[in-house]
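> The following block contains a protein sequence and its predicted model.
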Amino acid sequence: MARSFLSSLVLLAIHAVATGSLLDNFEWLKQHGDEALEAAAHCQDVVVQLSKLSEHCRVTNQLENFAAVVSWIAIEQTGEKGSNSFLADLARSPPALAMKEKAQKAILASTQASMDEACIPECALENHHEFFEAFAGCYAPSVCAASGMGEVSFHRCRSSLQTFILNEMKYEASQWCQKDENGIYCQQHHAELMIQSPLCYSLYTAPVLEMGRDLCSDHTECVRGWKQAEEHPICSSQMTEIGRSRGEGMMHMLHQIWGARINTPSGASSYYDACIHPASQHKPNFIV
C-alpha cells in the first residue's frame, strides 16, 4: 500500500508539472524546468525514505496517513482564511483534493492500535524529519503548479508553501502521540470530533486572524460543542495550541508570498481565545 500511494504522489507531482493548464505553455516549462525536476526528485526521495523505514519499523502506513492529514488540513484552512482567490485555488487544486480524500479515509480508519503503531518510541513520527522534508518538497510544488497561482510566481508559492507544510508536519509530529488523562490518544478524540462536525473541528484548530469576524455568533453550535472537547482538557488545550501555532505559520507564509502588500495581525489567536475565553486574547509575538 505504501508503494502504491507514494507512486501516486510522484505521479501527482509529474502530472502537475506536465499536464496542468498552466503548464500547457511551453514557455513555463522552459522557465521552471529545473524546479519541476527538483520536485520530482523530492517525490522519489519520499519513496526512498519509506523504503528505509520499512526495514525496521512498521510505521510507513501511519506516516503516510499523518502526512495526508496534516497537509490536507493546513492547506484547507489556508484556503478558508484567504480572501484572495490564490489561496482558495491551492485548496481546490487536484493534488490537494486527492490528499483530502486520502486524509479523510485515514481519519475514519484511526484506532488505538494504529496510533500505538505510529507512536512506538524507536519509530515515533517526530523522528522522521528527513521524510517530512522530502514530502513537503514534493507536495508543495505539485499544489502550486496545479493551482494556477494567478499573480503569484511559482517560485514564491513553492518556497512559502513548502516551508509552511514542513513546519506544520514537525509541530504536529511532536503532538501526535499526546494522550489524555485516561491514556487515550488526543488524536482519537480529535478524529471523533472531526467525524461528528467537520466544521466545528476545523474552527477549533484553525487560527483566528480577523478578530472582527464573529465566528462565535455565526456558529453557536460549535461554542456549545466545545464543552464536549473540554471533557478532555489536555486534548482541548492541544487543539488551542495547534490553532495558535498554525496561525503564526500561516501569517509567515502570507508575508513570504505578498510581503508588504498584505496586512496581518501582530499575532494569531485560537478559537478558544476568540469564542470561549475572549479575555485571554493570546497575542504571541510574530516576527517575519
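Cool, got the structure. Numbers count the residues shown, from 1 in each chain.
> So what's the residue count around Cys186?
Applying other C-beta atoms under 10 Å, we find 22 residues neighbouring Cys186. Every residue, glycine included, has its C-beta placed from N, CA and C.
> before we move on, what about His277?
By other C-beta under 10 Å, 12 other residues sit near His277.
> Can you give me the distance of Gln162 to Asn61?
24 Å (C-beta to C-beta, to the nearest Å).
> neighbour count winner among those two?
Comparing Gln162 with Asn61 by other C-beta under 10 Å, the one with more neighbours is Gln162, at 23 against 18.
> any weak-confidence spans in this protein?
Per-residue confidence of the chain (counting by pLDDT under 70) places the weak regions at 1-33, 35, 54-60, 81-85, 148-151, 210-213, 259-268, 279-288.
> in it, which spans are helices?
2-16, 26-54, 60-81, 85-92, 94-108, 112-118, 129-147, 154-175, 186-196, 198-205, 215-218, 220-229, 233-258, 271 (DSSP state H).
> Any chance of JSON lines for the ones you listed, columns distance to Pro278?
Output for these, formatted as JSON lines (distance: least, C-beta to C-beta, whole Å):
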{"stretch": "helix 2-16", "distance to Pro278": "42"}
{"stretch": "helix 26-54", "distance to Pro278": "42"}
{"stretch": "helix 60-81", "distance to Pro278": "20"}
{"stretch": "helix 85-92", "distance to Pro278": "26"}
{"stretch": "helix 94-108", "distance to Pro278": "30"}
{"stretch": "helix 112-118", "distance to Pro278": "34"}
{"stretch": "helix 129-147", "distance to Pro278": "35"}
{"stretch": "helix 154-175", "distance to Pro278": "25"}
{"stretch": "helix 186-196", "distance to Pro278": "22"}
{"stretch": "helix 198-205", "distance to Pro278": "15"}
{"stretch": "helix 215-218", "distance to Pro278": "8"}
{"stretch": "helix 220-229", "distance to Pro278": "11"}
{"stretch": "helix 233-258", "distance to Pro278": "13"}
{"stretch": "helix 271", "distance to Pro278": "11"}
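> Neighbours of Phe132, how many?
25.
> For it, which non-adjacent residue is spatially closest?
The shortest distance from Phe132 to any non-neighbouring residue, by C-beta to C-beta, 6 or more residues apart in numbering, is to Met169 (4.3 Å).
> So what's the residue count around that neighbour?
26.
> Tell me the spacing between it and His190.
Using C-beta to C-beta, one gets 16 Å for the distance from Met169 to His190.
> Surely Cys275 touches Val223?
Yes. Using C-beta atoms under 8 Å, Cys275 makes contact with Val223 at a distance of 5.5 Å.
> Name the residue in those two with the higher neighbour count.
In terms of neighbours (other C-beta under 10 Å), Cys275 is the more surrounded of Cys275 and Val223; the figures are 21 against 16.
> dump the residue contacts of that one.
Cys275 sits next to Leu215, Cys216, Cys222, Val223, Trp226 when contact means C-beta atoms under 8 Å, 6 or more residues apart in numbering.
> Name the nearest of those relative to Ala91.
Closest approach between those and Ala91, by C-beta to C-beta: Leu215, at 18.7 Å.
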